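In: sequence-free structure coming up:
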């Protein structure tokens with residue numbers, strides 16, 4: 001379930017097809033070159049597994065598993081060709097440098113061309129199937145209030161769902177149109193509406209208690225094969241975040257929260273993973289750290305590193321370490337939110353923020369146990385005090401270790417206001433509720449993509 005939530009079924013089908021066609025290209029390239037069939041065991045080895053990994057990583061980083069992206073066919077063609085060419089050059093260089101496998105240039109060229117053709121055709125087939133054959137599921141929303149309108153807006157961007165209408169007991173709303181969706185009638189007509197409109201799903205977006213007769217209608221619908229979801233559950237499913245303003249304590253109290261379970265991953269493996277990856281990161285990034293420190297020192301007076309109080313696990317404060325990216329007097333008048341094109345940021349600071357290099361010293365925070373690699377981003381005490389008073393459930397994001405990166409960071413831009421803090425909290429709560437090894441790995445992959453394209457930095 002977690003896998004299909006974070007990496008939907010059609011993307012998984014696309015990925016499986018990619019693996020099959022990449023392996024087929026590796027097998028048939030020598031056949032085409034020499035005209036002789038050989039046993040698969042004589043061709044495939046560890047180096048080929050690495051080559052498949054390079055291809056999949058390249059396709060993912062450059063967004064070729066996003067089947068909803070609107071892009072013209074010529075741009076798509078050339079961008080796809082550029083990625084395949086780049087991956088071929090990278091993995092061929094990697095194999096030659098480390099002497100993993102002796103691939104001739106002709107074999108690489110043939111297999112690369114086959115990968116390009118087969119994967120491009122495969123994508124055309126998948127997209128044609130999605131756009132022409134999949135029939136959207138018909139949905140009605142019980143409740144045309146704020147919660148109902150919120151879930152309707154979220155469904156508007158999803159091709160696989162069609163919102164047929166609202167059901168609401170407010171007589172003033174009957175027959176009206178809300179965001180192009182009609183109010184079909186009162187809840188007493190629910191069974192008739194479900195039957196006549198051939199409804200597949202009912203989303204219950206009622207904030208008050210449900211009447212007993214309406215509840216019976218929902219139970220009847222479920223036993224007739226219609227899926228029934230509370231609004232927070234369905235919103236979480238389609239958006240990857242929890243609707244804080246439409247969620248009550250009962251829903252949160254009974255929800256299964258993976259991030260707080262005392263299982264082997266949460267208690268042991270995540271810590272081992274954090275320590276090992278932070279040590280590796282410190283060693284690998286050492287040359288970048290030295291160069292960055294010199295550039296910061298040469299450009300402006302002041303310390304290279306910047307220590308800032310942040311609120312972490314269990315609302316305990318710790319010193320977060322970053323490369324200084326602003327002038328030394330940036331907060332002479334107290335803490336303020338970062339701004340778009342912030343004038344306090346230095347020229348070197350702008351570059352290292354864009355590339356996320358300013359975050360590298362936080363590897364020491366992870367090694368010390370103050371932070372994790374993946375988790376809710378720690379906020380400053382001055383802002384936490386305000387946000388706890390103004391945003392419901394804000395303290396819940398401190399129920400686990402803070403992270404260098406997180407679900408909010410790969411899904412939302414840099415936060416600089418109370419509204420941004422609310423939006424990021426919805427992603428943070430989703431992460432805490434659904435945390436797993438797979439989700440952490442997926443977030444790290446998406447973080448690589450964010451770093452390469454420099455999105456969200458300030």
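Out: That came through fine. All values reported here derive from a predicted model rather than from experimental measurement. Numbers count the residues shown, from 1 in each chain.
In: walking through the stretch 101-250 of the chain, point out its helices one by one.
Out: 105-133, 146-155, 190-196, 212-223, 231-239, 249-254 (DSSP state H, counting those that start in this stretch).
In: where does the stretch 101-250 of the chain have low pLDDT?
Out: By pLDDT under 70, the low-scoring segments of the stretch 101-250 of the chain are 101-104.
In: 80 instead?
Out: 101-106, 130-134, 207-209 (pLDDT under 80).
In: what's the answer for the stretch 301-450 of the chain, then?
Out: 328-343, 414-416.
In: which stretches of it form helices?
Out: So, for the stretch 301-450 of the chain - with DSSP H, counting those that start in this stretch - the helices run 347-354, 362-368, 381-390, 407-411, 418-434, 437-453.
In: dump these into a markdown table; add mean neighbour count as well.
Out: (Glycine included, C-beta is placed from N, CA and C.) Formatted as a markdown table, those follow (neighbours: other C-beta atoms under 10 Å):
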| stretch | mean neighbour count |
| --- | --- |
| helix 347-354 | 19 |
| helix 362-368 | 20 |
| helix 381-390 | 14 |
| helix 407-411 | 24 |
| helix 418-434 | 21 |
| helix 437-453 | 17 |
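In: of all those helices, which lies closest to residue 75?
Out: Residue 75 lies closest to helix 437-453 among the helices of the stretch 301-450 of the chain, at 15.8 Å (C-beta to C-beta).
In: can I assume residue 47 sits in a strand?
Out: No. Secondary structure of residue 47 (DSSP: H, G, I helix; E, B strand; the rest coil): helix, not part of a strand.
In: that one touches residue 95, doesn't it?
Out: Yes. Assessed by C-beta atoms under 8 Å, residue 47 is found in contact with residue 95 at 5.9 Å.
In: mind listing what's buried in stretch 123-130?
Out: 123, 126 (16 or more other C-beta atoms under 10 Å).
In: need the residues that contact that stretch.
Out: 10, 13, 14, 17, 64, 67, 80, 159 (C-beta atoms under 8 Å, 6 or more residues apart in numbering).
In: for the third one, give me its contacts.
Out: Residues near residue 14 by C-beta under 8 Å, 6+ apart: 65, 67, 122, 123, 126.
In: how near is the residue lying closest to residue 326 once chain neighbours are set aside to residue 108?
Out: Nearest non-adjacent residue to residue 326, counting by C-beta to C-beta, 6 or more residues apart in numbering: residue 344, 4.4 Å away. As for residue 344, its distance to residue 108 is 49 Å (criterion: C-beta to C-beta, to the nearest Å).
In: from the contacts of residue 14, pick the one nearest residue 263.
Out: Distances from residue 263 to the contacts of residue 14, taken as C-beta to C-beta, are shortest for residue 65 (28.6 Å).
In: can you redo the helices of the stretch 101-250 of the chain as TSV with distance to residue 23?
Out: Output for the helices of the stretch 101-250 of the chain, formatted as TSV (distance: least, C-beta to C-beta, whole Å):
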stretch	distance to residue 23
helix 105-133	10
helix 146-155	38
helix 190-196	47
helix 212-223	43
helix 231-239	33
helix 249-254	45
